[in-house]
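> got a structure for you, letters missing:
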């Protein structure tokens, strides 16, 4: 794996450490096999009421935490923070090809990604009837909220696990959302 210029700068500045603990921005991290994450999320959704919200909220926390370091510690804004935040997720193994959008003047955007997580989920559990990446939707919502300082929600409308060619995530300002829509009923 070749490191991007961003990661090379982080290593040079000693903001990423692969010593006894893996640290990024002084925060300890660990890398999990996607097979494990897919299995954990599958079992949670199958067995725990409110699991979709729990997985989304956990992703939101991670997005806010990781991108928050870029925004608050390094003063990155807008697309620079989005691009470098996505470098972190690529490093963690979540996806390959990205179409990186900015929020429009109403706080809305659409993102496409060939999600490695959705590929793994489909391989493990077969073709799905609905979208499955609640974690990544939460990560995007947390990251975009931190970058643009507005409350957003994110939901998936297309998914590799359903057989779609890519996953599509809709990012919306909370004030521009019709919460009565079926796919938003579980998001707080």
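Nice, thanks for sending it over. Remember, it's a predicted structure, so these values are computed and weren't measured experimentally. Residues are numbered from 1 along each chain as shown.
> Can you report how many residues neighbour the nearest residue to residue 150 once chain neighbours are set aside?
In this structure, residue 150 finds its nearest non-sequential neighbour in residue 107, 5.1 Å apart by C-beta to C-beta, 6 or more residues apart in numbering. In short, each C-beta sits where N, CA and C put it, glycine included. Other residues lying near residue 107 total 19 when counted by other C-beta atoms under 10 Å.
> Mind naming the longest helix for this protein?
Counting by DSSP state H, the longest helix found in the chain is helix 51-68.
> quick one: average pLDDT of the helix or strand that that one is followed by?
Downstream of helix 51-68, the first helix or strand assigned by DSSP states H and E is helix 74. Confidence for helix 74, expressed as mean pLDDT, is 77.
> do stretch 130-144 as well
For stretch 130-144, mean pLDDT is 90.
> Can you give me the buried ones in it?
For stretch 130-144, a neighbour-count test (16 or more other C-beta atoms under 10 Å) marks 131-144 as buried.
> and if you look at stretch 70-80?
For stretch 70-80, by 16+ other C-beta under 10 Å, it's 70, 71, 74, 76.
> Likewise for stretch 116-127?
116, 117, 118, 119, 120, 121, 122.
> cool, and stretch 161-174?
Within stretch 161-174, the residues that count as buried by 16+ other C-beta under 10 Å are 161, 162, 166, 167, 168, 169, 170, 171, 172, 173.
> picking that back up, output the buried residues of stretch 70-80 in a markdown table, with distance to residue 36 appended to each entry.
Converted to a markdown table, these look like this (distance: C-beta to C-beta, whole Å):
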| residue | distance to residue 36 |
| --- | --- |
| 70 | 27 |
| 71 | 30 |
| 74 | 31 |
| 76 | 31 |
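> So of the residues you listed, which two are at opposite extremes in space?
Greatest spatial distance among the buried residues of stretch 70-80 (C-beta to C-beta): 71 and 74, at 7.5 Å.
> Which stretches in the chain count as helices?
Using DSSP H, helices in the chain cover 5-12, 34-47, 51-68, 74, 78-92, 116-125, 134-148.
> so which of the ones you listed gets nearest residue 103?
For residue 103, the closest of those is helix 134-148, at 5.4 Å, according to C-beta to C-beta.
> What helices and strands are in contact with that closest one?
helix 34-47, helix 51-68, helix 78-92, strand 109-115, strand 152-158, strand 167-173 (3 or more C-beta pairs under 8 Å, 6 or more residues apart in numbering; DSSP states H and E).
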